[in-house]
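# Provided below are the primary sequence and the corresponding predicted coordinates.
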Amino acid sequence: MLTVWSQVWPLAVAGALSPSITVIVLALLMRPDRPRARVLAFWLGAAVAMLVWAILISSSLWGIVTDTERDLQRFSRAIDLVLAILLLAFALWRIFRKARPGAKPRFDFSELERQGLWSEAVFGAVMQGRNVTSVLLFLAAQQHIDTAQIPAYQQLALTFIVIGIITASIWLPLLLPLKATDAIHSRLTKPRDWLEAHTKVIEVSAALLGSAYLFYRAFA
C-alpha cells in the first residue's frame, strides 16, 4: 500500500491546486445565508463527482487487473503517457487561449440562494467534475490504485484519501475562523481576488507539474 501511496500522492497534491474552485468557495463563505452549510454541500457534490469518475475508471480497468504484473505495468505506463499528453495539451491551451473582451463574471450565486442546499451540491459536482486538471490527475492516480496488487479495502481507502486531498481546495477554507461579520468578509475578498487574478498561472503550473510527473512515471 505504501508503494502505491508514494505513486499517487504527488498526483493528488497537484490535483488539489484548483484556484477556480477555491474562488467559488470563498465567494460562498461570503454569502449571508448559511455559508458553511453551503460550502459543505458544495464539497459533498464535488466528492460524489470524483467517486463517479473513480467508478468509471475502475469499471474500465476491471478486465485488466487480472492480467500479469508485467502487463499491468505496461498498461499503466501507457495510461500515464496519454494523460501526460492531455495535461500538456490543456496547459498549452490555457496559455494561448485569449479571454473574450467584455466577458461576464463566470459565477452567479443569485439563483443558488433561492434554492435549497441541494443546488450547491449539484453545483459542486458539476464544477469539480469538469475541472480538467484535477480530473486527469485523479484518473492517473486511480488507475495506479486499481492496478495495484493490494487488497480491495486498501484500494478503497486510498481512493477516499486521494479524493480528500484533491478536494482540499474546498474544505481547507472551512478551517478559517469565519464569523458572519463584515470585517471577516472583507478580509476574504483579498485572497479571493488574488486567486481569481492568478487562476490561469496556478492551473497551468499544476497541469505542467502533473504532466512532467506522469512523463517521468511513463518512461522511468
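Good, I have the coordinates.

# show me what whichever helix in the chain runs longest is packed against.
Selection of the longest helix in the chain by residue count, based on DSSP state H, yields helix 69-96. Applying 3 or more C-beta pairs under 8 Å, 6 or more residues apart in numbering; DSSP states H and E, we find helix 69-96 packed against helix 132-146, helix 199-219. In short, each C-beta sits where N, CA and C put it, glycine included.

# show me how far that helix is from its chain's centre.
The chain centre lies 17 Å from the centre of helix 69-96; the measure is C-alpha atoms, centre = their mean, to the nearest Å.

# any buried residues in that helix, and which?
When burial is assessed from 16 or more other C-beta atoms under 10 Å, helix 69-96 yields the following buried residues: 72, 75-76, 79-80, 83-84, 86-88, 90-91, 94.

# tell me the angle that helix makes with helix 132-146.
Angle, helix 69-96 to helix 132-146, by axes from the mean of the first three to the mean of the last three C-alpha atoms, to 10 degrees: 170 degrees.

# and the angle for helix 69-96 with helix 199-219?
Using the same axes, to 10 degrees: helix 69-96 against helix 199-219 is 160 degrees.

# what average pLDDT does helix 69-96 get?
For helix 69-96, mean pLDDT is 83.

# ok, now stretch 206-218?
Rounded to a whole number, the mean pLDDT of stretch 206-218 is 91.

# show me what that stretch is in contact with.
By C-beta atoms under 8 Å, 6 or more residues apart in numbering, the residues outside stretch 206-218 that reach it are 7, 10-11, 14-15, 17-18, 77-78, 80-81, 83-85, 87-88, 90-91, 94, 132-133, 136-137, 140.

# again, but for stretch 83-93
For stretch 83-93, the external contacting residues (C-beta under 8 Å, 6+ apart) are 132-133, 136-137, 139-140, 204, 207-208, 210-212, 214-215, 218.

# do that again at 7 Å, thanks
Contacts to stretch 83-93, defined as C-beta atoms under 7 Å, 6 or more residues apart in numbering, come from residues 132-133, 136, 139-140, 204, 207-208, 210-211, 214-215, 218.

# try stretch 6-16
For stretch 6-16, contacts defined as C-beta under 7 Å, 6+ apart pick out 133-134, 137-138, 140-141, 144-145, 158, 162, 165-166, 168-169, 206, 209-210, 213.

# one more time with 6 Å, if that's ok
134, 137-138, 140-141, 144, 162, 165-166, 168-169, 206, 209-210, 213 (C-beta atoms under 6 Å, 6 or more residues apart in numbering).

# repeat that for stretch 155-167.
Val8, Ala12, Gly15, Ala16, Ala46, Ala47, Met50, Ala54, Ser134, Phe138, Ala141, Ile145.

# among those, find me the one that's closest to Pro35.
Lowest distance from Pro35 to the contacts of stretch 155-167 (C-beta to C-beta) belongs to Ala46, with 16.4 Å.
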